[in-house]
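K.L.:
I would like the atomic coordinates for the input below:
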Amino acid sequence: MSILEVKNLSVSFKQYTAGLKQTNHKVISSLNVTLEAGEILAVVGASGSGKSLLAHAILGILPSNASVSGVITFEGEELTSARQKAVRGKEIALVPQSVNFLDPLMHVGSQVRTSVKKGDAVKAQRAVFERLHLRQEVEQMYPFQLSGGMARRTLLSTAMVSGVKVIIADEPTPGLDPVVIKEALDQFREFANQGCAVMLITHDIESALQIADKIAVFYAGTTVEIAKVEDFLGQSEAIRHPYSKALWRALPQNDFIPIPGSQPHPSALPTGCLFAPRCEMATPECWEAQPDIRNLRDGMVRCIHAT
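P.N.:
Got it, this is the predicted structure:
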């Protein structure tokens with residue numbers, strides 16, 4: 001059952017250049033994802049592909065110069081600004097990428113306890129700290145006293161005790177040792193098994209493949225493919241989009257072949273398919289218009305050549 005759905009999301013930012021000329025940079029265009037209760041959706045793609053902006057758009061925490069179009073629904077109802085504020089932190093929780101989301105004037109233990117909705121908050125906080133290998137004395141520390149890894153584990157703790165229906169984890173594992181990474185990933189899997197929906201935003205495709213049910217691949221601010229995790233196993237023959245295949249081949253455990261060229265900047269997007277300038281399959285038709293996302297082999301793809 002779909003619990004959160006994003007349809008044709010576009011996000012632009014107003015900027016002023018020399019001479020106070022106003023420009024609009026579209027950083028997300030026609031982006032589509034669906035979160036199912038009981039599943040983990042891993043969102044992968046290069047830096048600047050729109051992964052974190054998607055999370056912020058869902059929660060309504062984009063900066064004031066952002067313009068948003070498209071529809072986001074939660075439990076079948078549109079997420080208006082008022083509803084975003086009502087569900088933020090209560091039914092939809094964010095594990096943010098930046099540790100600056102921690103309150104610098106509050107003990108970290110107390111911050112985690114404020115996310116506990118039922119039961120003994122102190123007991124819940126201490127149990128999750130123990131699980132993530134944070135010593136009890138850490139609960140009396142302020143954020144500036146924490147290492148980067150400790151701060152990330154604290155942010156992760158707030159989601160783990162929240163009892164929310166949707167967790168959006170934005171790069172939750174960088175800087176953590178392998179034991180803690182495994183604990184965090186296992187916890188996300190446990191959340192999903194209990195009926196929660198999890199969106200795992202990550203560069204670490206290998207970790208995502210261990211626990212995710214589906215993979216959404218982003219490129220230059222749009223969704224190019226959504227597929228079952230099984231499609232990314234084997235020799236990539238089940239992968240639909242040329243970029244997804246190139247991303248798979250670039251992994252060290254596979255062919256370790258880099259993708260030529262670079263992802264375009266939002267101010268210099270090509271006409272037509274955004275991946276066309278780097279694609280070996282590109283034809284003149286690819287430059288005419290951005291392809292619509294379509295259903296293909298029990299998945300979705302944005303490519304006219306995918307079969």
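K.L.:
Kindly tell me how buried residue 215 is, as a neighbour count.
P.N.:
Per other C-beta atoms under 10 Å, the neighbour tally for residue 215 reads 26. The way it works is simple: take the backbone N, C-alpha and C, and place the C-beta from them, glycine included.
K.L.:
Check residue 111 too.
P.N.:
One way to gauge burial is a neighbour count; for residue 111, by other C-beta under 10 Å, it gives 20.
K.L.:
Next up, the contacts around residue 68.
P.N.:
For residue 68, the contact set (C-beta atoms under 8 Å, 6 or more residues apart in numbering) comprises 9, 10, 11, 57, 62.
K.L.:
Which among these count as buried?
P.N.:
Those of these that meet the buried threshold are 9, 10, 11, 57, by 16 or more other C-beta atoms under 10 Å.
K.L.:
Determine which two of these are furthest apart.
P.N.:
In terms of C-beta to C-beta, the buried ones among the contacts of residue 68 reach their longest pairwise distance at 10 and 57, which sit 9.6 Å apart.
K.L.:
Narrow the buried ones among the contacts of residue 68 to those in strands?
P.N.:
Counting by DSSP state E, the part of these found in strands is 9, 10, 11.
K.L.:
Pull up the gap between the last one and residue 29, please.
P.N.:
What that stands for is residue 11. Taken as C-beta to C-beta, to the nearest Å, the spacing of residue 11 relative to residue 29 amounts to 8 Å.
K.L.:
Same check on the first one?
P.N.:
Using C-beta to C-beta, one gets 8 Å for the distance from residue 9 to residue 29.
K.L.:
quick one, phi psi at the spatially most central residue of the chain?
P.N.:
Compute the mean C-alpha point of the chain, and by C-alpha atoms, centre = their mean the closest residue is residue 201, 2.9 Å away. Here the main-chain torsion angles of residue 201 (degrees, to the nearest 10) amount to phi -90, psi 120.
K.L.:
now do the one 5 residues further on
P.N.:
Main-chain torsions, residue 206, degrees, to the nearest 10: phi -60, psi -40.
K.L.:
any idea how the chain splits into domains?
P.N.:
Here the domain assignment for the chain is 2-91+165-265+292-301, 102-163, based on automatic domain parsing.
K.L.:
quick one, what contacts residue 180?
P.N.:
132, 133, 149, 153.
K.L.:
hmm, back to that, need the domains of the chain in CSV (columns: distance to residue 307).
P.N.:
Conversion of the domains of the chain to CSV gives the following (distance: least, C-beta to C-beta, whole Å):
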stretch, distance to residue 307
domain 2-91+165-265+292-301, 8
domain 102-163, 39
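K.L.:
Reformat those as TSV; add mean pLDDT.
P.N.:
Output for those, formatted as TSV (pLDDT from 0 to 100):
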stretch	mean pLDDT
domain 2-91+165-265+292-301	90
domain 102-163	92
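K.L.:
all strands for this structure, in order.
P.N.:
2-17, 21-36, 40-44, 66-74, 77-78, 92-95, 166-170, 197-201, 214-219, 222-228, 294-296, 299-301.
K.L.:
Sweet, I'm off.
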